[in-house]
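[1] Provide a 3D model corresponding to the input given below.
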Amino acid sequence: MHLSLIRIYNIFMKKALVFGAGGFIGSHMVKHLKSENYFVRGVDLKEPDFDKSSADEFIIKDLSLQESFEELLTHENEVFDEIYQYAADMGGAGYIFTGDNDANVMTNSIQINLNLLSFQTLVNKKLETNKTKIFYSSSACIYPEENQLTPDDPDCRESSAYPANPDSEYGWEKLFSERLYESYRRNHNIDIRIARFHNIFGPLGTYDGGREKVPAAICRKVALAEKEIEVWGDGKQTRSFLFIDECIQATIKLMHSDFYSPINIGSEEMVSINQLVEIVSKVAGKDISIKHIDGPLGVRGRNSNNDLIRKELDWDYTLSLEEGIEKTYKWIKNQLSV
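    Okay, here's the model as predicted:
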């Protein structure tokens, strides 16, 4: 291709910046954006654990630090069309609910969001533009603990977030950061989108080490077990889980909409952890029993409420939990070489 045509192509190519590109959801988003012919810059503390990043550029950086942050937000002296902010200090129940990591969770994640919003505001003023749209990944953990005390009927409507009372510092940080993004929208005209993710799972996600989410942990345990696995608590606590591909689809639909208030992205197929073990065991073709032990649990029940996203974005999940588990279990089993 002639050089002048390449320059013209690059001018019209959409540019995306993905923070947390070395993580599970961020790495999947990078792949999707590249499939849509975006120029993509990925930034994280590390590259993806299980696959080489598809990003055009991948920068290793601690986003909680301010050094050189302004340079991250431009490419060839132009702002990015879209920024996806997944970077956070987080993990599964074994990391979030012990209390041992609360200060790091609060400090590191809040600082990342402060850095992004404050420096994006400076860049917009410097370049006299305001075209960058920022997606922030919040969490179902922001919902009040008292609305999720029973496993059968948790209330996770978006409007139920206040009066606020999340059950963890992780949830409080996410709720504060939502308000931070909303304040920058009001005061500095930053174009934002906010999604409250409900337990996203799938291939290429962490499955051991203490930061893994429940579906990955159960898949690993079942793959390695002959007859029995351990489950924290009585296993009657309930959750819903959304497969990663559907999470990406919903996020893109949100980004291309005019809806800027926080919105749930999740599945409404709620199951108990005991039922999740049954599903994984069925997929694995094993007869697995459960040994219940003490451990961090989180709320008693949690389920996405998709009324708002169906109304505003005409989106809903289509993949069953069992179908998603089939894909995830196969990948984790291959990783374990069993």
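[2] any idea how far Asn147 is from Val105?
    Distance from Asn147 to Val105, counting by CB to CB, to the nearest Å: 22 Å. C-beta: built from backbone N, CA, C; applies to glycine.
[3] of the two, who's got more company?
    Per other CB atoms under 10 Å, whichever of Asn147 and Val105 has more neighbours is Val105, with 23 against 18.
[4] so how far is the helix or strand containing Ala217 from its chain's centroid?
    According to DSSP states H and E, Ala217 maps onto helix 214-224. In terms of CA atoms, centre = their mean, to the nearest Å, the centre of helix 214-224 is set 20 Å apart from its chain centre.
[5] report all helices and strands that it contacts.
    When contacts are defined as 3 or more CB pairs under 8 Å, 6 or more residues apart in numbering; DSSP states H and E, helix 214-224 sits against strand 200-201, strand 228-232, helix 273-284, helix 321-336.
[6] out of the ones you listed, which is closest to Tyr84?
    When those are compared by CB to CB, strand 200-201 sits nearest Tyr84, at 13.7 Å.
[7] model confidence over stretch 47-67, on average?
    The pLDDT scores in stretch 47-67 average 95.
[8] pLDDT below threshold where in the stretch 1-150 of the chain?
    1-11, 91-94, 96-97 (pLDDT under 70).
[9] could you rerun that using 50?
    Along the stretch 1-150 of the chain, the parts satisfying pLDDT under 50 run over 2-9.
[10] list the neighbouring strands of the host helix or strand of Ala195 plus their orientation.
    Using DSSP H and E, Ala195 sits in strand 191-197. Within its sheet, strand 191-197 is paired with strand 133-139 (parallel), strand 263-265 (parallel), according to DSSP bridges.
[11] could you single out the most deeply buried of those strands?
    Counting by mean count of other CB atoms under 10 Å, strand 263-265 has the highest mean neighbour count of the strands paired with strand 191-197, with a mean of 25.
[12] for the stretch 151-300 of the chain, which spans come out with low pLDDT?
    In the stretch 151-300 of the chain, no residues with pLDDT under 50.
[13] tally of neighbours for the closest residue to Asp44 other than its chain neighbours?
    Leaving out its chain neighbours, the residue that sits closest to Asp44 by CB to CB, 6 or more residues apart in numbering is Gly22, at 3.4 Å. By the measure other CB under 10 Å, the count of residues near Gly22 is 23.
[14] Gly22 against Lys46, yeah?
    Yes - the pair Gly22 / Lys46 is scored as a contact, 4.6 Å apart, by CB atoms under 8 Å.
[15] and the strands paired with strand 191-197 as TSV, adding distance to Asp234?
    Shown next, in TSV, are the strands paired with strand 191-197 (distance: least, CB to CB, whole Å):
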stretch	distance to Asp234
strand 133-139	24
strand 263-265	27
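[16] ranges for the helices of the chain?
    Remark: helices assigned in the chain by DSSP state H are 3-12, 24-35, 69-72, 93-96, 102-127, 169-188, 214-224, 244-255, 273-284, 307-313, 321-336.
[17] for Ser53, which of those helices is the nearest?
    Across those, Ser53 has its closest neighbour in helix 24-35 (6.0 Å, CB to CB).
[18] what about stretch 18-32, how long is it end to end?
    One end of stretch 18-32 sits 11 Å from the other (CA to CA, to the nearest Å).
[19] how far off centre is it?
    Its chain's C-alpha centre and that of stretch 18-32 lie 9 Å apart, by CA atoms, centre = their mean.
[20] please apply the same query to stretch 83-103.
    Centroid displacement of stretch 83-103 relative to its chain, using CA atoms, centre = their mean, is 11 Å.
[21] now swap in stretch 32-51 and tell me
    15 Å.
[22] next one: stretch 179-195
    Per CA atoms, centre = their mean, the displacement of stretch 179-195 from the mean C-alpha position of its chain is 19 Å.
[23] one more: stretch 248-266?
    Distance, centroid of stretch 248-266 to centroid of chain: 13 Å (CA atoms, centre = their mean).
[24] run through who's touching it.
    25, 28-29, 32, 82, 84, 133, 135, 138, 140, 156, 158, 161, 178, 185, 191-199, 240, 242, 247, 303-306, 308-309, 312-313, 315, 317 (CB atoms under 8 Å, 6 or more residues apart in numbering).
[25] same thing with stretch 267-278?
    Residues from elsewhere that reach stretch 267-278, judged by CB under 8 Å, 6+ apart: 151, 154, 198, 214-215, 218, 222, 229, 231-233, 235-243, 246, 279, 288, 290, 301, 303-306, 317, 320-321.
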